[in-house]
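> here's my sequence, what's the structure:
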Amino acid sequence: MRVRSSWQVTKSVWHALFMREVLGRLFAERSAGFWLFAEPVLFVAVMVSIRTVVQMMDRVGGVEMVPWMMIGLVAFFMFRDGMKGALRTINSNQALFSYRQVKPVDTVLVRNFVEGFVRTIVLLILLLGLGLLGFDVVPHNFLNALSAWGTVWLLGLSSGLVVSVIGTMVPEVGRIINIISLPLLIISGVMIPIQYLPHNIQELLVYNPIVHGIELVRLGFFQGYWTFPGVSVLYLYQWILAMAMLGLMMHIRFQSRLKAK
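Next comes the predicted model:
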């Protein structure tokens, strides 16, 4: 019998988990795939309707409001689902931990990869739809937009590594994470342009790493887009690195307890 290397075993585990997560994410419920597209579309429709009624701005930072908001929403949902999905993934895969090759961290990594993959496909389809409606959605700087999109996914992954351990060991934390999702949506510059807020509020919101990720994606997409001062990819990567290291150390330290849950 041929002995497989550690990498070959890990790759096989990730492939099996990937197929399981994709099928579960898209087909676990009859309308699961539908809501992937409907959620951001409905959010934008509601906000555009409010804007029309109260005669708010048509452009944000020099770009049209609809694509500005759509890109921000899908990017935020990718981060949110990566973080919240990690809360459930260890408990939902407990049966697989009877195989010693499968570790809790594998389920979190694969789940976040699936979320990033699915949300990227959703973004491409929505951008195609906006393009057919006459909006300019071709990225101004493709490499910058792609790298910023990747950093938002990494932020969700690093956050998921931390909350997956804490939320599995202390279930009450999962409820808190679910509660703060809506406030995070509001203070992350997804629907409310932070560059138009008072300076003292901007100084507080700039500490939120999600803001930096979403604004960097928009800067890559839109030519001439201007945002508030202080947006930094370095600050974002500092958060990613710190949370990823903390999350991985927690998975190593509490692996046996996570498997026993």
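> could you pull up the residues touching Y225?
Neighbouring residues of Y225 by Cβ atoms under 8 Å, 6 or more residues apart in numbering: 61-63, 218-219. Yep, even glycine has a C-beta here, placed from its N, CA and C like the rest.
> with G131 instead?
Counted by Cβ under 8 Å, 6+ apart, G131 has contacts 137-138.
> before we move on, which element is it in?
helix 104-132 (DSSP states H and E).
> what's the next secondary structure element after that helix?
helix 142-169.
> what helices or strands is that following helix leaning on?
Judged by 3 or more Cβ pairs under 8 Å, 6 or more residues apart in numbering; DSSP states H and E, helix 142-169 is in contact with helix 65-92, helix 104-132, helix 171-187, helix 209-221, helix 233-253, helix 255-260.
> swap the cut-off to 6 Å and go again
On a contact count with 3 or more Cβ pairs under 6 Å, 6 or more residues apart in numbering; DSSP states H and E, helix 142-169 meets helix 65-92, helix 104-132, helix 171-187, helix 209-221, helix 233-253.
> identify whichever of those helices lies nearest to V41.
helix 104-132 (7.2 Å; Cβ to Cβ).
> of the contacts of Y225 - the most surrounded one?
For the contacts of Y225, the largest number of neighbours (other Cβ atoms under 10 Å) sits with R218, at 24 neighbours.
> next up, the contacts around it.
Contacts for R218 (Cβ atoms under 6 Å, 6 or more residues apart in numbering) come out as Y225.
> now do 7 Å
For R218, the contact set (Cβ atoms under 7 Å, 6 or more residues apart in numbering) comprises 68, 71-72, 225.
> helix or strand with the lowest mean pLDDT in this protein?
Least confident helix or strand of the chain, by mean pLDDT, DSSP states H and E, is helix 32-54 with a mean of 63.
> picking that back up, between the helix holding G131 and helix 65-92, how big is the angle?
Here the directions of helix 104-132 and helix 65-92 differ by 160 degrees (axes from the mean of the first three to the mean of the last three Cα atoms, to 10 degrees).
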